[in-house]
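Asker: got a predicted model here, sequence first, then my questions.
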Amino acid sequence: MIEYNIGIMGAGYIAGVIAKVLKDMNGFCPYAIASRDEEKAKKFAEEYEIEKAYGSYEAMLEDPEVELVYIATVNSNHVELAKKCIDAGKPVFVEKPISYNAKTAAELLKYATEKGVFCGEAMWLRYNPLMNLVVDNLRKNIIGDVRSITANIGYNLGGRERLLKPELAGGALLDIGVYPITAVFMLMGGGPVNVVAEPIITTTGVDAYSSIYMRYPQGRSAYITVSMTTSLDKRCIIYGTHGRIEIDNVNNPTLVTVYGSDGKSRGEMKPADDAKTGYEYEFKAARKAAIAGNQETEELSIKDTIEIYRFIDAIRYTWNLPFPLPEEPEKKPMTVENLNPNTKNA
């Protein structure tokens, strides 16, 4: 099989995970790694047996053998690097979040469309077959009408300095909260009509923990808990009028259990026997879209991508936590009126 050459920007943790995944996939090759630190790139290339190592992102983009670029850098420079890829005519797949706010994400995706170059978000939950199977079964009313959803995600990420820095678009909501939010949007068929969100803010000015209540029409609701200071169970439970569905891991489902109204198990859903890590599906989708000359994958539209970040923006701005980055509003001075903004609806 002809291998599809992937160039990776950024030599951090997630880049290493993806390099391993690509090496284990038929038809893919982690061909090149680029970092602003050439020694770091060379060390990464040696560890993951990657053919090319570059000490600048621009140098890698000049390599004609690179067929798709995967961006795995800090959240704050995803758009800048993606535009460089687009200008070089390279299809690009950006690790979530595609950007730090909806406005810059929309501008990026519009720019890619105008240039006729594929640019997509590597939000692996959207591509997970098991998650999409749950969505399909909900449409068939497997548990009746969906009434409420709970979803948690939490890790002890205190050692990851980038998450504590507003200038790098850090914080739990944008980095990991995007998973349960995406899950709820997928399962409910879109966003809520109202939201109330309560954060715990770090001394550096980013959210470390939050509780998010989402109200939908006809009395439906969802409740999300997000933490980057403590490990949570990461489960997602969907309650219907005739039973419930339990998903073991909200960002990468590996076991789904269906219960009837009597509380007894009605069966389980598991990944296919040939499933690997879950990341393989998003890269197959990105390759398919890029080769076909499409501007979005079948699983994740431009519209759905932007919708998620509009929702996250609304929460952050209600918390008065804009990032000190372009196209962000100014931080409001603390007054009696906005001393406790999180009590308002986003």
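Answerer: Yep, it's here.
Asker: please enumerate the strands of the stretch 1-150 of the chain.
Answerer: Assigned by DSSP state E, counting those that start in this stretch, the stretch 1-150 of the chain shows strands spanning 4-9, 28-34, 52-54, 68-71, 92-95, 119-122, 146-154.
Asker: quick one: name whatever helix or strand follows the last one.
Answerer: Pointing back at strand 146-154 there. Toward the C-terminal end, the helix or strand that comes next after strand 146-154 (DSSP states H and E) is helix 172.
Asker: local confidence estimate at Glu337?
Answerer: Model confidence at Glu337, given as pLDDT, is 48.
Asker: same check on Met1?
Answerer: pLDDT, read off for Met1, is 55.
Asker: can you check Ala32 too?
Answerer: Looking at Ala32, the pLDDT reads 98.
Asker: could you export the strands of the stretch 1-150 of the chain as TSV, including mean neighbour count?
Answerer: (Each C-beta comes from the backbone N, C-alpha and C, glycine too.) Listed next are those as TSV, based on neighbours: other CB atoms under 10 Å:
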stretch	mean neighbour count
strand 4-9	25
strand 28-34	24
strand 52-54	21
strand 68-71	25
strand 92-95	27
strand 119-122	28
strand 146-154	21
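Asker: tell me where the model's unsure across the stretch 1-150 of the chain.
Answerer: Scanning the stretch 1-150 of the chain for pLDDT under 70 picks out the ranges 1.
Asker: show me where it has its helices.
Answerer: 13-23, 38-48, 57-61, 78-87, 102-115, 124-127, 129-139 (DSSP state H, counting those that start in this stretch).
Asker: elements contacting the fifth one?
Answerer: This points to helix 102-115. Counting contacts by 3 or more CB pairs under 8 Å, 6 or more residues apart in numbering; DSSP states H and E, helix 102-115 packs against helix 78-87, strand 119-122, helix 302-318.
Asker: list the buried ones in it?
Answerer: Residues Ala102, Lys103, Thr104, Ala105, Ala106, Leu108, Leu109, Tyr111, Ala112 are the ones in helix 102-115 that count as buried (16 or more other CB atoms under 10 Å).
Asker: distance to Met228 for these - can I get that in TSV?
Answerer: Output for the buried residues of helix 102-115, formatted as TSV (distance: CB to CB, whole Å):
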residue	distance to Met228
Ala102	22
Lys103	24
Thr104	23
Ala105	22
Ala106	26
Leu108	25
Leu109	27
Tyr111	31
Ala112	30
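Asker: please parse the protein into its domains.
Answerer: Domain ranges of the chain: 4-125+278-301, 129-274+306-343, per automatic domain parsing.
Asker: most packed of those domains?
Answerer: domain 4-125+278-301 (a mean of 20; mean count of other CB atoms under 10 Å).
Asker: any idea which of the helices and strands packed on helix 102-115 gets closest to Ala208?
Answerer: helix 302-318 (13.4 Å; CB to CB).
Asker: give the rounded mean pLDDT of that closest one.
Answerer: Averaging pLDDT along helix 302-318 yields 98.
Asker: tell me which other helices or strands that helix touches.
Answerer: helix 102-115, helix 178-188, strand 194-201, strand 207-215.
Asker: on that earlier part again, and of the buried residues of helix 102-115, the nearest to Thr225?
Answerer: Set against Thr225, the nearest of the buried residues of helix 102-115 by CB to CB is Ala102 (23.1 Å).
Asker: I'd say that closest one and Thr305 touch.
Answerer: No. If you go by CB atoms under 8 Å, Ala102 and Thr305 don't touch, sitting 9.0 Å apart.
Asker: on that earlier part again, pipe the helices and strands packed on helix 302-318 into TSV and attach distance to Gly171 per row.
Answerer: Formatted as TSV, those follow (distance: least, CB to CB, whole Å):
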stretch	distance to Gly171
helix 102-115	16
helix 178-188	11
strand 194-201	9
strand 207-215	5
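Asker: between the ones you listed, which gets nearest to Pro333?
Answerer: Nearest to Pro333, of all those, is strand 194-201, at 15.9 Å by CB to CB.
Asker: now that closest one: mean pLDDT?
Answerer: Strand 194-201 carries an average pLDDT of 98.
Asker: next, the angle helix 302-318 makes with it.
Answerer: 60 degrees (axes from the mean of the first three to the mean of the last three CA atoms, to 10 degrees).
Asker: mind giving me the packing neighbours of strand 194-201?
Answerer: strand 207-215, helix 302-318.
Asker: same thing but 10 Å
Answerer: strand 207-215, strand 221-227, helix 302-318 (3 or more CB pairs under 10 Å, 6 or more residues apart in numbering; DSSP states H and E).
Asker: ok, back up a step: any idea which of the helices and strands packed on helix 302-318 gets closest to Ile2?
Answerer: When the helices and strands packed on helix 302-318 are compared (using CB to CB), the closest one is helix 102-115, at 24.9 Å.
Asker: now do the closest one: distance to the chain's middle.
Answerer: From the chain centre to the centre of helix 102-115 is a distance of 17 Å (CA atoms, centre = their mean, to the nearest Å).
Asker: for stretch 255-267, same thing?
Answerer: 28 Å.
Asker: then stretch 286-304?
Answerer: A distance of 16 Å separates the C-alpha centroid of stretch 286-304 from that of its chain, computed with CA atoms, centre = their mean.
Asker: Pro97 contacts Ile312, doesn't it?
Answerer: Yes. Counting by CB atoms under 10 Å, Ile312 is a contact partner of Pro97 at 7.9 Å.
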